[in-house]
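Asker: from the sequence below, what's the structure:
(one chain, ligands or ions: 1)
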Amino acid sequence: EGAVVTPAERSDPWENQEDVMMKVYFCGSIRGGRDDVHVYRRIVHALQSYGSVLTEHVSSAELSDRGEDATDSGDRAIHDRDLDWLRQADVIVAEVTQPSLGVGYELGRAVDMKKKIFCLFRPSSGRVLSAMIRGAADGENFVVRDYSEDEVEMVLEEFFSGLKRS
Ligand SMILES: O=c1[nH]c(=O)n([C@H]2C[C@H](O)[C@@H](COP(=O)(O)O)O2)cc1CO
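Answerer: Numbers count the residues shown, from 1 in each chain. Predicted coordinates for the structure are as follows:
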């Protein structure tokens, strides 16, 4: 009676699940162009088997290259919310084939926060990935993986099974 329940003693299963569920921040181009939204959908769908995806909206077919809100105050709200999610995230997964200022910025901030980062690039696009992304790879906290669309599930499985071991 009157005992203080510490977080470790909580018995609500939903609360516990929240505690253990990995949080994944997915980055993909929005105002940079929506050409690859079908790939983002496939990635986010696969990611949902590893944890909770904080930025599911990035993969929404309804979201155009105008973004969520075109007003200035809307932009601040988007920026602040996304940085908050970035801080909460255990891992960042970015599809970097379609160049995007926002994605590049998110990755730079995530490096500064010492997050685990996994970037996916499709050479079949004919593009050459920015040196500021390819050149940031250290094979451990910042991993860049070339892949083709049909390999989405396989490369994510490889990455997440590596995380469990480390
Ligand atoms: O409406 C938005 N909502 C939003 O969450 N973002 C974030 C998530 C994406 O990973 C990234 C896309 O940046 P950009 O719009 O510069 O391509 O920025 C970006 C916008 C629009 O810039």
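Asker: what does this protein put close to the ligand?
Answerer: 27-32, 55, 58, 67-68, 78, 82, 100-103, 106 (CB under 6 Å from any ligand atom). Just so you know, the C-beta spots here come from the backbone N, C-alpha and C atoms, and that holds for glycine as well.
Asker: ramachandran angles for Asp35?
Answerer: In terms of degrees, to the nearest 10, the main-chain angles of Asp35 are phi -50, psi -30.
Asker: quick one: contacts for it?
Answerer: Residues near Asp35 by CB atoms under 8 Å, 6 or more residues apart in numbering: Ser29, Gln98.
Asker: what subset of the residues of the chain next to the ligand is buried?
Answerer: For the residues of the chain next to the ligand, burial is judged from neighbour counts taken by 16 or more other CB atoms under 10 Å, and it is met by 27-30, 32, 55, 58, 78, 82, 100, 102-103, 106.
Asker: now those residues as JSON lines including pLDDT and secondary structure?
Answerer: Below are these laid out as JSON lines (pLDDT from 0 to 100; DSSP: H, G, I helix; E, B strand; the rest coil):
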{"residue": "Cys27", "pLDDT": "99", "secondary structure": "strand"}
{"residue": "Gly28", "pLDDT": "98", "secondary structure": "coil"}
{"residue": "Ser29", "pLDDT": "98", "secondary structure": "coil"}
{"residue": "Ile30", "pLDDT": "98", "secondary structure": "coil"}
{"residue": "Gly32", "pLDDT": "98", "secondary structure": "coil"}
{"residue": "Thr55", "pLDDT": "98", "secondary structure": "coil"}
{"residue": "Val58", "pLDDT": "97", "secondary structure": "helix"}
{"residue": "Ile78", "pLDDT": "96", "secondary structure": "helix"}
{"residue": "Asp82", "pLDDT": "98", "secondary structure": "helix"}
{"residue": "Ser100", "pLDDT": "98", "secondary structure": "coil"}
{"residue": "Gly102", "pLDDT": "98", "secondary structure": "helix"}
{"residue": "Val103", "pLDDT": "99", "secondary structure": "helix"}
{"residue": "Glu106", "pLDDT": "99", "secondary structure": "helix"}
